[in-house]
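Undergrad: With the sequence up front, the predicted model follows.
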Amino acid sequence: MNYIHFKNIKNYSVYINNFLWNFSFNETKIIINNYDNYDICGSGFILYNVYNYTSYFDTFINSIGYINILKYCNICKTFDEEFCKICKLNQAVDNLPINFDEDCPICYNKLTVRYITICNDNRHKICDKCNTSKILKCPLCRINKYDENNENNQNNQNNENNIF
Ligand SMILES: [Zn+2]
Ligand SMILES: [Zn+2]
Ligand SMILES: [Zn+2]
């Protein structure tokens, strides 16, 4: 099978390992992304250059073989080869020594150096997983993280930019 057989297929979608993948068949490349737009190894899509393979069909076979080995990380909502690199880095940071023993007041997981305070009180720590755009107030003192009087305001916005 060569491009001549593929070019009439505008978009092809197929489930592989419980995720829906979209294929676009371009004359020189096959472009693949997943239905939920999860990143694949830090990119929004996978690109398979037809010139690197013996035929168009061979390119397709290689691309689905690759998708089949990808691992999905439920925490980072990304695909990666072998294991989630982001989680591995976070784990290393979490292993740094701390001088407190506290749980996140929202999810009750042990806090690590990756804690964040969204109010002005350094005792009101929450974990960075719970610091989503949905949380607007400190769960302990209820100070709004976007409150003009909140000196942490600038920091919080910077933190969020770094996360997303
Ligand atoms: Zn991860
Ligand atoms: Zn938490
Ligand atoms: Zn607080």
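TA: Structure's in. What do you need? Note that the structure is a prediction, hence the values are computed from the model and not measured. Residues are numbered from 1 along each chain as shown. Ligands and ions are numbered 1, 2, ... in the order given.
Undergrad: Just give me the neighbour total for the residue nearest to Leu111 when sequence neighbours are not counted.
TA: Spatial nearest neighbour of Leu111, chain neighbours left out: Glu102 (4.9 Å); criterion: C-beta to C-beta, 6 or more residues apart in numbering. Where C-beta positions appear, they are placed from N, C-alpha and C, glycine not excepted. Neighbours of Glu102 under the rule other C-beta atoms under 10 Å: 12.
Undergrad: from what I can see Glu102 touches Lys125, true?
TA: Yes. If you go by C-beta atoms under 8 Å, Glu102 and Lys125 touch, sitting 6.1 Å apart.
Undergrad: Now list whatever residues contact both of these two.
TA: Shared contacts of Glu102 and Lys125, defined by C-beta atoms under 8 Å, 6 or more residues apart in numbering, comprise Leu111.
Undergrad: ok, now how distant is the nearest residue to Tyr35 once chain neighbours are set aside from ligand 3?
TA: Closest residue in space to Tyr35, ignoring its immediate chain neighbours: Leu20 at 3.7 Å, by C-beta to C-beta, 6+ apart. Plainly put, Leu20 is 41 Å away from ligand 3 if you go by C-beta to the ion, to the nearest Å.
Undergrad: so Leu20 touches Asn11, yeah?
TA: No. Contact criterion C-beta under 8 Å: Leu20 and Asn11 do not qualify, at 11.6 Å.
Undergrad: neighbour-wise, which of those two wins?
TA: Using other C-beta under 10 Å, the more surrounded residue of Leu20 and Asn11 is Leu20, with 11 against 8.
Undergrad: How about the contacts made by that one?
TA: Ser13, Val14, Asn34, Tyr35, Asp36 are the contacts of Leu20 under C-beta under 8 Å, 6+ apart.
Undergrad: and if you look at Asn11?
TA: Counting by C-beta under 8 Å, 6+ apart, Asn11 touches Asn22, Phe23, Ser24.
Undergrad: what does Ile75 give?
TA: Taking C-beta under 8 Å, 6+ apart as the criterion, Ile75 is in contact with Cys84, Cys87, Lys129.
Undergrad: residues touching the nearest residue to Ile126 once chain neighbours are set aside, list them.
TA: Of all residues not flanking Ile126 in the chain, Cys104 sits nearest, at 5.3 Å (C-beta to C-beta, 6+ apart). With contacts defined as C-beta under 8 Å, 6+ apart, Cys104 is in contact with Lys110, Leu111, Tyr115, Lys125, Ile126, Cys127, Lys129, Cys130.
Undergrad: Repeat the analysis, applying 6 Å as the threshold.
TA: Shown in contact with Cys104 (C-beta atoms under 6 Å, 6 or more residues apart in numbering): Leu111, Ile126, Cys127, Cys130.
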